[in-house]
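Q: starting from these lines, generate the structure:
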Amino acid sequence: MATRRTAKAARAIREIISSAILLELNDPRVKNVTVLDVEVAADMRSAKVYVSIMGSQKEQSLCLRGLESSKGYLQKKIAERLTTRYIPVLTFVLDDSVKKSIEASRILKQLAEDRNRATEDPEQNDSRQQQEEQPD
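A: As a prediction, this is how the structure comes out:
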């Protein structure tokens, strides 16, 4: 269970990392990245950064490697803005929940369109069903 202290630190770290990725990182591998969440350990020595990366599987892995290589720079930015005994060691985790929600939305939209077509012209759909049922 996250304490108020770790939750506050997680929000601050998320803000720092997001702005640094957006405005300060010059690595061409790091693009189309959204920082979704940060989980800070109770002892403040480690933090998991959940990111969403748009693109193909290859682009995602390339971007994750770019984030891993810029980990030291991002930790330095955190150290400049936060006053804590320990600066958390960052671990980047790919979170594909955004892609899954986009896909679910697309499927629901397609189902709604199919349903509307079925209610608009039932005679045409009946003849279409009969054609599908008949073997070639």
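Q: is it true that Arg85 touches Met44?
A: Yes: counting by C-beta atoms under 8 Å, Arg85 touches Met44, with 7.2 Å between them. For every residue, glycine as well, the C-beta is placed using N, CA and C.
Q: which of these two has more residues huddled nearby?
A: Met44 (17 against 7; other C-beta atoms under 10 Å).
Q: wait, the more buried one touches Val89, no?
A: No: with contacts counted by C-beta under 8 Å, Met44 stays clear of Val89, the gap being 10.3 Å.
Q: with only the CA atoms kept, save stretch 67-76 in CSV.
A: Written as CSV, here are the backbone C-alpha positions of stretch 67-76 (Å, rounded to 0.1, in the frame of the first residue of the first chain):
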residue,chain,number,x,y,z
LEU,A,67,15.1,5.2,-22.3
GLU,A,68,17.4,2.7,-20.5
SER,A,69,20.4,4.5,-21.9
SER,A,70,19.1,7.9,-20.7
LYS,A,71,18.3,6.5,-17.2
GLY,A,72,21.2,8.3,-15.6
TYR,A,73,20.3,11.6,-17.1
LEU,A,74,16.7,11.2,-15.9
GLN,A,75,17.8,10.3,-12.4
LYS,A,76,20.0,13.4,-12.3
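Q: list the buried residues for that stretch?
A: Residues 67, 70, 74-75 are the ones in stretch 67-76 that count as buried (16 or more other C-beta atoms under 10 Å).
Q: so which of those belong to helices?
A: Under the assignment DSSP state H, these contribute 67, 74-75 to helices.
Q: quick one on the thing from earlier: and of the buried residues of stretch 67-76, the nearest to Leu25?
A: Ser70 (5.7 Å; C-beta to C-beta).
Q: my guess is that closest one contacts Pro28. True?
A: No: Ser70 lies out of contact with Pro28 (C-beta under 8 Å); the separation is 11.7 Å.
Q: distance between the ends of stretch 77-97?
A: With C-alpha to C-alpha, to the nearest Å as the measure, stretch 77-97 spans 27 Å from end to end.
Q: which residues does Arg11 contact?
A: Val38 (C-beta atoms under 8 Å, 6 or more residues apart in numbering).
Q: Ala20 now?
A: 73-74, 77.
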